[in-house]
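**Q** Just need the structure, nothing else, for what follows:
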Amino acid sequence: MKKILFLLLIPFVGNAQNFTAQEIARWEARAKQVTIIEDNWGIPHIYGKKDADAVFGLLYTQCQQNFSRVERNYLEIMGRLSEIEGERRIYDDLQMRLIYDSVGAKADFLKSPQWFKDLLNAFADGVNYYLYKHPNIKPLVLNRFEPWFPLMYTDGSISPTQT
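**A** Now for the predicted structure:
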């Protein structure tokens with residue numbers, strides 16, 4: 001009986017979002033620096049004391065509007081769509097992994113100047129704060145967004161292989 005219960009709990013443990021108290025405090029402090037005003041047409045206008053504050057607000061708002069699209073964009077660029085769509089996407093994933101280098105993106109992040117790291121960290125923090133504030137949103141694969149994710153896009157497009 002214990003084995004069955006354990007096996008039933010594995011999917012929930014695998015999808016758990018483990019955010020530290022330090023991260024949450026940092027996000028809460030950053031959120032206080034951001035003002036998001038939606039106009040009459042539903043367009044968000046994001047204001048922050050620093051550029052990184054605006055990036056944080058932008059990603060939080062983008063996730064509010066369509067988190068599944070945000071996650072899917074990064075799964076695609078990282079060559080991981082087959083994890084949600086199955087075997088039929090394996091060649092697409094292999095192509096993306098040949099074109100884009102996650103190891104290189106991680107190395108580029110580490111070599112980046114501090115002002116750029118601040119923006120990239122704000123990107124990840126905005127998405128992760130959204131996931132923290134909305135526990136009902138269950139990511140399909142990416143339970144935590146990392147600051148190097150945007151560095152996978154090398155040509156400024158969100159669909160570089162579909163041009």
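**Q** Would you mind finding the longest helix in this structure?
**A** Counting residues, the longest helix found in the chain (DSSP state H) is helix 51-77.
**Q** mean confidence for the helix or strand following that helix?
**A** Where DSSP states H and E defines the elements, the next helix or strand beyond helix 51-77 is helix 82-85. In this model, helix 82-85 carries a mean pLDDT of 95.
**Q** And whatever helix or strand comes next after helix 82-85, what does it pack against?
**A** The C-terminal neighbour of helix 82-85 among helices and strands, as given by DSSP H and E, is helix 90-99. Judged by 3 or more C-beta pairs under 8 Å, 6 or more residues apart in numbering; DSSP states H and E, the packing partners of helix 90-99 are helix 51-77, helix 82-85. All C-beta atoms are positioned from the backbone trio N, CA, C, and that covers glycine.
**Q** Can you list the buried residues in the longest helix of the chain?
**A** 52-63, 67, 70-77 (16 or more other C-beta atoms under 10 Å).
**Q** before we move on, the earlier item: switch the helices and strands packed on helix 90-99 over to CSV; also include distance to residue 20.
**A** Listed next are the helices and strands packed on helix 90-99 as CSV, based on distance: least, C-beta to C-beta, whole Å:
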stretch, distance to residue 20
helix 51-77, 17
helix 82-85, 26
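**Q** So what's the gap between the longest helix of the chain and the chain middle?
**A** On the basis of C-alpha atoms, centre = their mean, to the nearest Å, helix 51-77 sits 6 Å off its chain's mean C-alpha point.
**Q** Then stretch 71-80?
**A** 10 Å.
**Q** what do you get for stretch 35-54?
**A** Chain-centre distance of stretch 35-54: 19 Å, with C-alpha atoms, centre = their mean.
**Q** residues in contact with that stretch?
**A** For stretch 35-54, contacts defined as C-beta atoms under 8 Å, 6 or more residues apart in numbering pick out 30, 33-34, 55-58, 60-61, 118-119, 121-122.
**Q** ok, now which ones touch residue 31?
**A** Residue 31 sits next to 56, 60, 129 when contact means C-beta under 8 Å, 6+ apart.
**Q** Thanks again, I'm all set now.
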